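Chemist: below are the sequence and a predicted model for it; my questions follow.
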Amino acid sequence: MNPGLLGLAVAMAAVTYPSRALPLLVPGIDRLPAWALGYLRLVGPAVLAALAAANALVVTDAAGRPGLHLGIEPVAVGLAAVVVTWRRNLFLGILAGVLLTALARAAGLAALP
């Protein structure tokens, strides 16, 4: 594990926590305009989608150069997004993506990155 990633995780939490905690900490937040509430509601899913896409599509070679990775992972992320949209349940979406990846790897259709 790269220790720099821990710092990145802490920095990302510090940046995204205020917008996620705002509804809990500010009284009367339900009186905000609809566009503001919509924005605050979508910050978490947007950050999660960006992290998933970056981890599924970008790989680095031995020299540390980034490149595009097309394998089972982007398909699993797409499946998870469809299931979350359809069922409105993040857990089921993640479960579907993990199961697809595990089954593809067990069947020999996908290798570990």
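Modeler: Yep, it's here.
Chemist: show the pLDDT at the spatially most central residue of the chain.
Modeler: Nearest to the mean C-alpha position of the chain, by CA atoms, centre = their mean, lies residue 48 at 2.7 Å. pLDDT recorded at residue 48 is 77.
Chemist: how close does it get to residue 13?
Modeler: Computed with CB to CB, to the nearest Å, the distance linking residue 48 and residue 13 is 13 Å. For every residue, glycine as well, the C-beta is placed using N, CA and C.
Chemist: then residue 73?
Modeler: Distance of residue 73 to residue 13, given as CB to CB: 24 Å.
Chemist: neighbour count for the two, which is higher?
Modeler: Per other CB atoms under 10 Å, whichever of residue 73 and residue 13 has more neighbours is residue 73, with 21 against 10.
Chemist: show me where this protein has its helices.
Modeler: Ranges of helices within the chain are 3-25, 34-57, 72-87, 90-106, based on DSSP state H.
Chemist: may I see these arranged in JSON lines, with distance to residue 63 as well?
Modeler: Formatted as JSON lines, those follow (distance: least, CB to CB, whole Å):
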{"stretch": "helix 3-25", "distance to residue 63": "18"}
{"stretch": "helix 34-57", "distance to residue 63": "19"}
{"stretch": "helix 72-87", "distance to residue 63": "22"}
{"stretch": "helix 90-106", "distance to residue 63": "27"}
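Chemist: ranking the ones you listed by burial, who's on top?
Modeler: Each of the helices of the chain was scored by mean neighbour count; the highest is helix 72-87, a mean of 17, by mean count of other CB atoms under 10 Å.
Chemist: now for that helix, which elements pack on it?
Modeler: Packing partners of helix 72-87 (3 or more CB pairs under 8 Å, 6 or more residues apart in numbering; DSSP states H and E): helix 34-57, helix 90-106.
Chemist: and the residue nearest to the centre of the chain, how far is that from residue 62?
Modeler: Distance, residue 48 to residue 62, using CB to CB: 30 Å.
Chemist: show me where pLDDT drops low in the protein?
Modeler: For the chain, applying pLDDT under 70 flags the ranges 1, 112-113.
Chemist: 90 - rerun?
Modeler: Counting by pLDDT under 90, the chain contains low-confidence ranges at 1-33, 36-75, 77-78, 81, 84-85, 88-91, 94, 108-113.
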